[in-house]
Structures are given as structure tokens and as C-alpha cells.
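Peer 1: Have a look at this fold, sequence not included:
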């Protein structure tokens, strides 16, 4: 039979089939119509004779390893009629020289497997197909992520292929308790999702809840990868800006979270891992805290926390003091404006908040060869010339420059924007209501953190509430890792 001649197989073409019939012409007619093989050039099928029986293989060009498919096909074509077993189970167990082998009779599952890149083999008289995982996805090399760089430690990072990502975690946790459970979501995309957790350490009730939510996701496609997952898994209090999930592109960070009993979710086509549940203390932690001695790690952690807090309160406090200059002690009189502003201070802050985000977006889309000259130009225009032209006061420019730079002391973008939204709200309240507005802004920020809940329905600021001094001390102070050298003298 000619591979491209099956659109004229004869007989009535089935509109819908739940399972393979065992009649090769009928099964191929259904698959060819469903997959539209005459239009989709990358879906390849070829009819061959295996052990005296008509057979057909299906694969997706670009996903299947060509050399492996060629070797398998050569082996099958050398089989003799007397070698053919009675069913596909015998062919799978005794005559298939490959490791990742499965059999499947459901048409929908077969089509999903084929479009995922697997090798499908149909044989006349068998009501099941042979499924071989010979796929290989195009991917970039493992390298240090741009966003989660560390001064010391591993320099590898996740990539867009989920199998490579699971291998990076397996490399660090060689325990039979580490489970990698595959699921999928999306009616059209059928995106692969992997749940990574440690059996015996994970909260089993929470794990079952996450599985149920993933199974109940009704979307056409996870077009935004993990963000689509996050919006499906957590739909309450969408207005609270503080992150409910922590994202990392570092395998060592993901492995550490798994060992602590958390769940790590890997989504195919995404180079980052989603960690849950996540508290505010999890968000502010960094890998550098653990790659340095305890005293240095503690200093880095506390410094990062204080600077993040300062980015929130600095500009609203300055606005409050400028509006009430009599509250400023003589020793701090230098913080006052040297000249009367042409534009109200509140508008200067709001314009610069918007301008900083504009510069971020411009930097992302700027070609590498132009990034340096454009950065110099932006610094001159928004720095010296902006002050000299009278648009901005030098003090306002100084404080906003500190806020813009200090935001990068922690790598979590969601936390940075949460502080930004609260800072703008506190600025507006301070401008409208003075001291009472300033206090109201601080209270709203405290309530936004304190009343928040994790995905597992626990306190967002545990171990502060409910109070647990032992765990709180471990969160604030980088302590020595537990363990000791075995004494072999006895």
C-alpha cells in the first residue's frame, strides 16, 4: 500500500471511533481523517509489512529520533510470520527492543500520544497499537538563569523541556520517596504537568486537593504556562497583590523546597518551577542565603528584607515630611527641598513610577547592541536634564532612583510590584489625608499581608501568625544545617 493513498481505502469512513477495531484499513482511515495527514506535512505515516501482516507507523517529524525510528523499523521488518505473537502484548514484551514501550487501544489517547511526539505502530489484526516514546524536543542548553543568578553555587537552570527539568531535580534527590507524577491540562494543548513531591513529607490532603484542581481545569490551552495554572488553582482574593506562588528557574532551589515538604509543579514549555504553598518568608528567601556561611547568609537575608521594606516606606515618608516641614529636626533639615517645585511632589513621584516601568519595558525590547548607548541616553535625559529643565526636583529623583535600584535586591517580580502598588496607594492617601492617610496606607499594607492566605489555606505570615518562635528564628536567622560527622572510633 502507498502511504499517501489511504484516503481512497473504500468502505464507509467512520465519523467517530473510541477504540481501534483491529482492521488496519478502518483504523488508518479514521486516523488519517482526524489528523488530516494530507494537509499536515509534518505528520508522517508509512505502511510496511511486519511478519507477513500489513502495518503502519505514525510519527511527527521533528519530534521523533530518526536514527532510533529507523533501527526499530528495520528490526520489525525482519520479523517472520512464525515470529508474530497472538496479540500486541506479546509483541511489546518479547519482540520490541526498546525501553519506553506501552500499548494503547483508545483512539483519543493514541492521537494525544502521537501529537506529543511518540512513535505509533498499528498492525493488522491487533486491536491495540504499540506506543514507543522515542521523542526528542528542540531545547536550549542548560545554563544559569538570568533572573536567579547567585554569587556562589550551581550554574545550571531549568529549560523548556519538562523531562530535562525533572532530571535536574532527580540528580539532586536520589531517593525512592521522590515522586514525579505526570498530569495534563488544556482541551487543545494537552500540556504536560509534573507534580514533584516527597512521599512522607508532603501534606497528603493538600496534594490531593491540587490533583483534583488540575483535573478539573476547563481551559482550551495553558497559553501562559504557569500563570494560567496559577489563575486556575487560586481564584480567591485576586485583588491582593502579594504572590501566592514562588517561581524559580534554579533546580537546587526547587529540590530544597521538595525536601522541605512543599510541592513543585513543572509545566512543559516553561523554564521555571512553581513552588507551593508559599508564605511571605518563602518569597524573600534566596539561594545565596545558603551558599554562604551562616553569619553571611543571615546578613544577606536581613539586608534584603530591610531594603524591601524601605522601598515601600521611603517615598511616602518623604512626602509626609515635606508636607509637614515643622516635624523635621534641625539635624535633618537637609532633606528639605532646596527650591520650590514647579510640579507638585505627588505628581513627580507618580510620573517617575510610570517612567521606571517604561524604562524596564524598553530595556526588555532593546537589542543588545543598542542597550548600552540607550541606557546612557536615558540616564542623562531622566537624570541631569530632567532636573535642570524643572520637571523634577533632585531630591525626588534621588529617592526614586534608590527605589528603582533597590527593587532588584530580591528576584521575585510579583513581590516587587506588590510593594509598588502599595507604595502608590500610600502616596495618594498621604497626599489627600496627611498623617491619617499615611497611617491608613501602612495599615492597609499590614492587612494585605496579614489577612492573606496561602494556597493551602494557612496563614501567609506563618510562623509569625500563628506564632512559632522556633520556626520564626529559622526564617530570620540562617542557621547551620543539621547533621554531623559519624564517629567511627568506637
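Peer 2: Received, thanks. Predicted model only: the values in this text are computed from it and were never measured.

Peer 1: which residues touch stretch 93-100?
Peer 2: 68, 72, 75, 76, 79, 83, 85, 130, 132, 133, 134 (C-beta atoms under 8 Å, 6 or more residues apart in numbering). The C-beta positions use only the backbone N, C-alpha and C, and glycine is treated the same way.

Peer 1: ugh, wrong one, stretch 157-167
Peer 2: 137, 139-145, 148, 168, 180, 192, 194, 196, 249-251, 254, 266-273.

Peer 1: Report the buried members of the residues you listed.
Peer 2: Buried members of those, counted by 16 or more other C-beta atoms under 10 Å: 137, 145, 148, 168, 180, 192, 194, 196, 249-251, 254, 266-268, 270-273.

Peer 1: Show me those residues that map onto helices.
Peer 2: Those of these mapping onto helices are 168, 251, 254, per DSSP state H.

Peer 1: What sits closest to the last one if chain neighbours are left out?
Peer 2: Right, the one you point to is residue 254. Residue nearest to residue 254 in three dimensions, not counting chain neighbours: residue 273, with 4.4 Å by C-beta to C-beta, 6 or more residues apart in numbering.

Peer 1: Just to check, the one you found is in contact with residue 265?
Peer 2: Yes. Here residue 273 reaches residue 265: they are 6.9 Å apart, a contact under C-beta atoms under 8 Å.

Peer 1: give me phi/psi at residue 362?
Peer 2: phi -70, psi -40 (degrees, to the nearest 10).

Peer 1: tally of neighbours for it?
Peer 2: 13 (other C-beta atoms under 10 Å).

Peer 1: how much space between the residue nearest in space to the middle of the chain and residue 107?
Peer 2: Centroid-nearest residue in the chain, with C-alpha atoms, centre = their mean: residue 272, separated by 3.7 Å. Look at residue 272 and residue 107: by C-beta to C-beta, to the nearest Å, they are 34 Å apart.

Peer 1: Quick one: mean pLDDT over stretch 197-205.
Peer 2: Averaging pLDDT along stretch 197-205 gives 93.

Peer 1: mind checking the end-to-end distance for that stretch?
Peer 2: Separation of the first and last residues of stretch 197-205 by C-alpha to C-alpha, to the nearest Å is 13 Å.

Peer 1: I figured residue 68 hits residue 134, correct?
Peer 2: Yes. Contact criterion C-beta under 8 Å: residue 68 and residue 134 qualify, at 4.8 Å.

Peer 1: ok, the two, which is more surrounded?
Peer 2: Comparing residue 68 with residue 134 by other C-beta under 10 Å, the one with more neighbours is residue 134, at 20 against 15.

Peer 1: Let me see the contact set for the more buried one.
Peer 2: 59, 64, 65, 68, 69, 72, 98, 100, 117, 118, 119.

Peer 1: before we move on, back to that, any chance of the ones in helices among the buried ones among the contacts of stretch 157-167 in TSV, with distance to residue 125 and pLDDT too?
Peer 2: Below are these laid out as TSV (distance: C-beta to C-beta, whole Å; pLDDT from 0 to 100):
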residue	distance to residue 125	pLDDT
168	43	92
251	47	93
254	47	93
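
Peer 1: Reformat these as CSV; add distance to residue 419.
Peer 2: Shown next, in CSV, are these (distance: C-beta to C-beta, whole Å):
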residue, distance to residue 419
168, 31
251, 28
254, 25
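
Peer 1: and the next element down the chain from the helix or strand of the chain at the bottom of the mean pLDDT ranking?
Peer 2: None of the helices or strands of the chain scores lower by mean pLDDT, DSSP states H and E than helix 368-380, at a mean of 66. Scanning forward in sequence from helix 368-380 by DSSP states H and E, the next helix or strand is helix 386-388.

Peer 1: and the residue of the chain most remote from its centre, helix, strand or coil?
Peer 2: Here the chain reaches farthest from its C-alpha mean at residue 82, the gap being 51.6 Å by C-alpha atoms, centre = their mean. Applying DSSP: H, G, I helix; E, B strand; the rest coil to residue 82 yields a three-state assignment of helix.

Peer 1: List the contacts of it.
Peer 2: Contacts of residue 82 (C-beta under 8 Å, 6+ apart): none.

Peer 1: for the chain, which helix is longest?
Peer 2: In the chain, with assignment by DSSP H, the single longest helix is helix 294-323.

Peer 1: For the protein, give me the ranges with low pLDDT.
Peer 2: Applying pLDDT under 70 to the chain flags residues 1-15, 237, 369-385, 481-490.

Peer 1: Now residue 314: closest residue in space that isn't a chain neighbour?
Peer 2: residue 399 is the one closest to residue 314 (C-beta to C-beta, 6+ apart), at 5.7 Å.

Peer 1: Can you name the helix or strand that the one you found falls in?
Peer 2: Counting by DSSP H and E, residue 399 is part of helix 394-406.

Peer 1: From the chain's centroid, how far away is that helix?
Peer 2: 31 Å (C-alpha atoms, centre = their mean, to the nearest Å).

Peer 1: What segments of the stretch 101-250 of the chain are strands?
Peer 2: Secondary structure of the stretch 101-250 of the chain, counting by DSSP state E, counting those that start in this stretch: strands at 101-104, 119-123, 129-132, 178-185, 191-198, 246-248.

Peer 1: for stretch 154-161, how far is the first residue from the last?
Peer 2: 19 Å.

Peer 1: try stretch 153-166
Peer 2: End-to-end distance for stretch 153-166, by C-alpha to C-alpha: 19 Å.

Peer 1: Now it: buried residues?
Peer 2: 153-154, 156-166.

Peer 1: Please tabulate these in a markdown table, including the columns distance to residue 184.
Peer 2: Shown next, in a markdown table, are the buried residues of stretch 153-166 (distance: C-beta to C-beta, whole Å):
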| residue | distance to residue 184 |
| --- | --- |
| 153 | 33 |
| 154 | 29 |
| 156 | 26 |
| 157 | 24 |
| 158 | 19 |
| 159 | 19 |
| 160 | 16 |
| 161 | 15 |
| 162 | 11 |
| 163 | 14 |
| 164 | 18 |
| 165 | 16 |
| 166 | 15 |
